[in-house]
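Visitor: my questions are about this predicted structure, shown below with the sequence.
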Amino acid sequence: MMITDQHAPTTDRAIVIGGGQSGLAAACALRTHGFQPVLLEAGPEPVGSWPMYYDSLVLFSPAHLNALPGMPFPGDPAHYPTRDQVIDYLRGYAETLDCEIHTGRRVTSVLCDREGFVVTTQTGETWHAPVVVSATGNFSTPHRPDLGLTEFTGQVLHSSEYRNPAEFAGKRVVVVGAGNSGVQIAVELAETAEKVTLVSRQPVKIADLQGMEAFWTFMKHLGRLPLGAALARTGLLVGQQVIDNVGGYRTALRKGKPTHRPLFTKATATHLHWPNDTKEQVDTIILATGFRPTLEHLRPLGALDRAGNPHHRNGLSTTHPGLAYVGLLGQRALYTAALGGAGWDACHVAKTLRQRLPRKTPACCAH
């Protein structure tokens, strides 16, 4: 990793905020297009939020679909990588990058000056550059929907707080959400907890996808196309997530470990309620309900709407020409926010930034 002075000339400097998969892919793409990337990562190493995911996490697609540009994922291309294998992969990828990487640098604000952007970290450091790419992911902003739990006196966790089933031994647990994480967590807990119920608005859709190369090839190409992102943004793909049966999930659900029910309609102090006067005593609720973008560092810049979403088109800010994003859900392609999709949008963003911002042209405040 190349280390230089933060006060060096900033003509082609590009600040990348976030050192996970999206930030690493962005740094690689920016370097390819003639920028001098400086990557600022809040954590102790450039692996993003992966160390904070639950211990047993397994990716939901084969290794050959989960590589960043220029470095295949090691091992059998058909295997499904674990959390720790992803961490090792990202560590190795970071070592290959010819750019500055600074850890322990949580960005608190981004503002404009005459040279472009001023990026400030919690350490008090300031960095100057004409280009900023925000690649902060969403793990730090878990989505906790209003499910009417104000009277519930039990434990309520988000999946981001779940690590392993040990602390839930002998407890009655409800997992909310029938996506990959919800199903993985519920099936794992069912081996330890007294009772586990998976609840969701949509049915659980499980398919045997291992070895179906035609399916994964189709999804890979769909994932690269703007059509995929358009479908995601319009909601046509919402609730249609198909889960690979790699973990024996279908059999587990058929055996009632966990059981599956529709979303509850009411919560009291110790029970969840369904229609027809059915109820269930519950100790813990785990919300596998997704995440939202972590972009508050851009609030002072005026780059976000009231809901905290960025004003952008295909990852390029529509309010500040030198600002871009990598890793937003449905940014330009279907898998933008996934490990295997980060490189596609990173390349598009870096190429477009170079075309729009000729050298020696500060562009931050050219609204």
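Guide: Thanks, I have it.
Visitor: contacts and neighbour counts: CA atoms only from here.
Guide: Noted.
Visitor: right, and Val196 touches Lys255 too?
Guide: No - at 12.0 Å, Val196 does not count as touching Lys255 under the criterion of C-alpha atoms under 8 Å.
Visitor: quick one, what contacts Gly340?
Guide: Residues near Gly340 by C-alpha atoms under 8 Å, 6 or more residues apart in numbering: 65-68.
Visitor: let me fix that: Ala25
Guide: 68-69, 342-343, 346.
Visitor: let's go with 6 Å and repeat that
Guide: Ala25 makes contacts with 343, 346, as judged by C-alpha atoms under 6 Å, 6 or more residues apart in numbering.
Visitor: thinking again about what came up before, between Val196 and Lys255, who's got more neighbours?
Guide: Neighbour count, other C-alpha atoms under 10 Å: between Val196 and Lys255, Val196 has more, with 27 against 10.
Visitor: any idea how far Arg91 lies from Ala14?
Guide: Arg91 is 21 Å from Ala14, where distance means C-alpha to C-alpha, to the nearest Å.
Visitor: low-confidence stretches in the stretch 151-300 of the chain?
Guide: Under the criterion pLDDT under 70, the flagged ranges of the stretch 151-300 of the chain are 208-241.
Visitor: strands of that one, start to end?
Guide: Assigned by DSSP state E, counting those that start in this stretch, the stretch 151-300 of the chain shows strands spanning 155-158, 172-176, 195-200, 206-207, 243-244, 259-262, 266-267, 271-274, 278-281, 284-287.
Visitor: packing partners of the longest one?
Guide: Put plainly, it is strand 195-200. Judged by 3 or more C-alpha pairs under 6 Å, 6 or more residues apart in numbering; DSSP states H and E, strand 195-200 is in contact with strand 172-176, strand 259-262.
Visitor: nearest to Ala338, out of those strands?
Guide: Evaluated over the helices and strands packed on strand 195-200, closeness to Ala338 peaks at strand 172-176, with 21.6 Å, by C-alpha to C-alpha.
Visitor: tilt between the closest one and strand 195-200?
Guide: 20 degrees (axes from the mean of the first three to the mean of the last three C-alpha atoms, to 10 degrees).
Visitor: strand partners (parallel or antiparallel) of strand 172-176?
Guide: Within its sheet, and counting by DSSP bridges, strand 172-176 is paired with strand 195-200 (parallel), strand 284-287 (parallel).
Visitor: and that strand, how far out from the chain middle?
Guide: Distance of strand 172-176 from the chain centroid (C-alpha atoms, centre = their mean, to the nearest Å) equals 23 Å.
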